[in-house]
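> okay, predicted coordinates and the sequence, questions at the end:
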Amino acid sequence: MAKYGRKAAEKVKRAMRERKRGTLKSGRSGKKVTSRKQAIAIGLSEARRAGGKVPGKKAKKNSAEEALEN
């Protein structure tokens, strides 16, 4: 089964093209995005907001949880 839906693919594709042209801006600061990973993250985030099939973000573990794990 596919992990990402068509809407997610379209949003990521658009973000990657904008990054390549140099027109992709980050959310709050409005700075130009040059990182490939950041462009993908922006595309997936937009797809989530649009209701596309995208797995949720993984929760960050705090140091206490990591200590218990190891």
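Good, I have the coordinates. Residues are numbered from 1 along each chain as shown.

> most centrally placed residue in the chain?
Against the mean C-alpha coordinate of the chain, by CA atoms, centre = their mean, the closest residue is A41 at 1.6 Å.

> what about stretch 12-32, start to end distance?
Length of stretch 12-32, first residue to last, CA to CA, to the nearest Å: 16 Å.

> low pLDDT regions in this protein?
Judged by pLDDT under 70, the chain has its weakly predicted residues at 1, 59-61, 70.

> who are the packing partners of the helix ranked longest in it?
What stands out as the longest helix in the chain, according to DSSP state H, is helix 6-21. The contact analysis (3 or more CB pairs under 8 Å, 6 or more residues apart in numbering; DSSP states H and E) places helix 6-21 against helix 36-49. Glycine gets a C-beta too; all of them are placed from N, C-alpha and C.

> mind listing what's buried in the helix or strand immediately after the helix it packs on in the chain?
Sequence-wise, the next helix or strand beyond helix 36-49 is helix 63-69, with elements assigned using DSSP states H and E. Taking 16 or more other CB atoms under 10 Å as the neighbour-count basis, helix 63-69 is seen to contain no buried residue.

> helix 63-69: how far from the chain's middle?
26 Å (CA atoms, centre = their mean, to the nearest Å).

> kindly report the same for stretch 16-36.
Mean C-alpha position of stretch 16-36 versus that of the full chain (CA atoms, centre = their mean) differs by 12 Å.

> now the end-to-end length of that stretch.
With CA to CA as the measure, the ends of stretch 16-36 fall 7 Å from one another.

> what's the longest helix of the chain in contact with?
Outside helix 6-21, the residues that touch it by CB atoms under 8 Å, 6 or more residues apart in numbering are 24, 33-34, 36, 39-40, 42-44, 46-47, 50-54.

> could you flag which of these are buried?
Under a neighbour-count criterion of 16+ other CB under 10 Å, the subset of the contacts of helix 6-21 counted as buried comprises L24, V33, A39, I42, G43, L44, E46, A47, G52, V54.
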